[in-house]
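Student: kindly return the folded structure for what I paste below:
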Amino acid sequence: MHIAVAGNIGAGKTTLTGLLAKHYNWEPQYESLENNPYITDFYEDMQRWSFNLQVYFLNSRFNNVRNLRKRGQTVIQDRTIYEDAYIFAPNLHAMGLMSTRDFDTYQAIFSSIRSMLEPPDLMIYLRASIPALVNRIQKRGRDYEDSIRLDYLKRLNERYEAWISTYNDGKLLIIEVDDLDFESSAEDLGSIVSKIDAEVHGLF
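Tutor: Predicted coordinates:
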């Protein structure tokens, strides 16, 4: 079974993925930012590196999804290939940070890839406000995220909401995370686990 965790930068995807993997004994599949050869350059010069970064993400996530489907065990994935295609790449194009030529090429690649992908059995979307995202980003202190602008986060949030409002590829669970501290509070984590239990009961 394939469980995916989606959400804006700072929503808590990686933290929740780890906690749920431990609780359910699922295999976690994390987004590897530390080994990404473009991420630092991208945040310093988005226009120059946007296409390179998005193609890198597209390729790595496609390979990850193919591999996890072969393992025959339940995997929980931190961020999805759909977020790259429906959130980040279109946002970069709309902001003038990716040329139309590059964006069209990117979309054509994704269209070919999507025809070979099975969607997640359950998509978990972490919904967070801009203040909550900023607070989480500042707390974790990643150097390459220091230059993220508020208007960038806001644009991403708007695109996430638009994507989720039309998502119909499989089961969807939306979790409002602003008032949750699932990293420190067993009660908050328990409330999320209860909701997931209700969704995955019919998947096994």
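Student: which stretches of this structure have low pLDDT?
Tutor: Counting by pLDDT under 70, the ranges of the chain that qualify are 32-34, 140-149, 202-204.
Student: select the longest helix from it.
Tutor: For the chain, the helix with the greatest residue count under DSSP state H is helix 46-70.
Student: any idea which helix or strand comes after it?
Tutor: Using DSSP states H and E, the next helix or strand after helix 46-70 towards the C-terminus is strand 75-78.
Student: got phi/psi on Trp26?
Tutor: For Trp26, the backbone dihedrals are phi -90, psi 160 (criterion: degrees, to the nearest 10).
Student: re earlier: which of the residues in the longest helix of the chain are buried?
Tutor: The neighbour-count check on helix 46-70 (16 or more other CB atoms under 10 Å) flags 46, 49-51, 53-58, 60-62, 64-65, 68 as buried. Using the backbone N, CA and C atoms, a C-beta is placed for each residue, glycine as well.
Student: which residues touch the residue most central in space within the chain?
Tutor: Centrality entry for the chain: nearest residue to the mean C-alpha point is Arg79, 2.6 Å, by CA atoms, centre = their mean. Residues counted as contacts of Arg79 (CB atoms under 8 Å, 6 or more residues apart in numbering) are Ala4, Val5, Ala6, Gly7, Lys13, Glu31, Arg61.
Student: repeat that for 6 Å
Tutor: With contacts defined as CB atoms under 6 Å, 6 or more residues apart in numbering, Arg79 is in contact with Lys13, Glu31.
Student: for Asp179, see how far away it is.
Tutor: The span separating Arg79 from Asp179 equals 23 Å under the rule CB to CB, to the nearest Å.
Student: Gln73 now?
Tutor: Between Gln73 and Asp179 the distance is 33 Å, computed by CB to CB.
Student: which one of the two is surrounded by more residues?
Tutor: More crowded of Gln73 and Asp179, by other CB atoms under 10 Å: Gln73, with 10 against 7.
Student: for the more buried one, which residues are in contact?
Tutor: Neighbour list for Gln73: Glu27 [criterion: CB under 6 Å, 6+ apart].
Student: what are the phi and psi values for Glu176?
Tutor: phi -80, psi 120.
Student: then Ala94?
Tutor: Main-chain torsions, Ala94, degrees, to the nearest 10: phi -60, psi -30.
Student: number of residues surrounding it?
Tutor: By the other CB under 10 Å criterion, the neighbourhood of Ala94 contains 12 residues.
Student: where's the closest residue to it other than its chain neighbours, which helix or strand?
Tutor: Excluding its sequence neighbours, the residue lying closest to Ala94 (CB to CB, 6 or more residues apart in numbering) is Arg155, at 7.5 Å. In this structure, Arg155 is located in helix 150-165 according to DSSP H and E.
Student: swap in Asn91?
Tutor: Using DSSP H and E, Asn91 falls in helix 89-94.
Student: tell me the helices and strands packed up against that helix.
Tutor: For helix 89-94, the contact count by 3 or more CB pairs under 6 Å, 6 or more residues apart in numbering; DSSP states H and E identifies helix 150-165 as packing neighbours.
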